[in-house]
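**Student:** no letters, just coordinates:
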């Protein structure tokens, strides 16, 4: 049975349920409840020029040395992006738009101009930090009875189309990402994927403390 609204695919600091509870004040019991771990194939996870997480679709050019797969896992793909799925209440999604820096004045996407169909990318990014895309992901671990493993879900993904080059994270973001990683790994986010894809950008908490002490 189709869902009334797409689920939300979190891949950055919103991997933290703690952060989602703080951000989703309208209906946190729904909007901040993780329903599944899911996989987005072919896209690439990076920290971009703003110092925050971004996912880059294969249709956009990526200046990356980390995007090629080197190994495969016996159970789960080692490429693509993993994240958590949330069933966002409409009002909480609007609040999340503000946190993510979505341009409220962005104009509608025209298929012929962007190369992306309007049902995937309804609007242009405008001056915002992220744009809203709607794409399919595969559930790899169910955390709720409303989802099933291997089910394909249409989800909301925040994408920064304007900044798709690799860079370093902001200091405050490292701590928030580490909290999100730790919380999501307890729910089933693949540790091998975190080590191969995320750790080159986000040092583990102990490593970050060592790095900061060396800078003093």
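**Tutor:** Yep, that arrived. Please read all numbers here as calculations on a predicted model, not as lab measurements.
**Student:** which other helices and strands contact the lengthiest strand in the chain?
**Tutor:** Ranked by residue count, the top strand of the chain under DSSP state E comes out as strand 131-142. Packing partners of strand 131-142 (3 or more C-beta pairs under 8 Å, 6 or more residues apart in numbering; DSSP states H and E): strand 34-40, strand 81-86, strand 152-159. (Each C-beta comes from the backbone N, C-alpha and C, glycine too.)
**Student:** would you list those in CSV and tack on distance to residue 188?
**Tutor:** As requested, the helices and strands packed on strand 131-142 are exported to CSV (distance: least, C-beta to C-beta, whole Å):
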stretch, distance to residue 188
strand 34-40, 4
strand 81-86, 9
strand 152-159, 16
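**Student:** reformat the ones you listed as JSON lines; add mean pLDDT.
**Tutor:** Output for these, formatted as JSON lines (pLDDT from 0 to 100):
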{"stretch": "strand 34-40", "mean pLDDT": "98"}
{"stretch": "strand 81-86", "mean pLDDT": "98"}
{"stretch": "strand 152-159", "mean pLDDT": "97"}
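**Student:** ranking those by burial, who's on top?
**Tutor:** Of all the helices and strands packed on strand 131-142, strand 81-86 has the most neighbours on average by mean count of other C-beta atoms under 10 Å, namely a mean of 26.
**Student:** just for this protein, where's the confidence low?
**Tutor:** 1-2, 61-78, 111-114, 206-216 (pLDDT under 70).
**Student:** can you give me the helices for it?
**Tutor:** According to DSSP state H, the chain carries its helices in the segments 17-23, 28-31, 90-100, 111-114, 171-187, 191-193, 205-215.
**Student:** can you check which of those helices gets nearest to residue 4?
**Tutor:** Nearest of these to residue 4, taken as C-beta to C-beta: helix 90-100 at 9.8 Å.
**Student:** list the contacts of that closest one.
**Tutor:** 5, 8, 14, 23-28, 30-32, 88, 104, 129-130, 132, 156, 158 (C-beta atoms under 8 Å, 6 or more residues apart in numbering).
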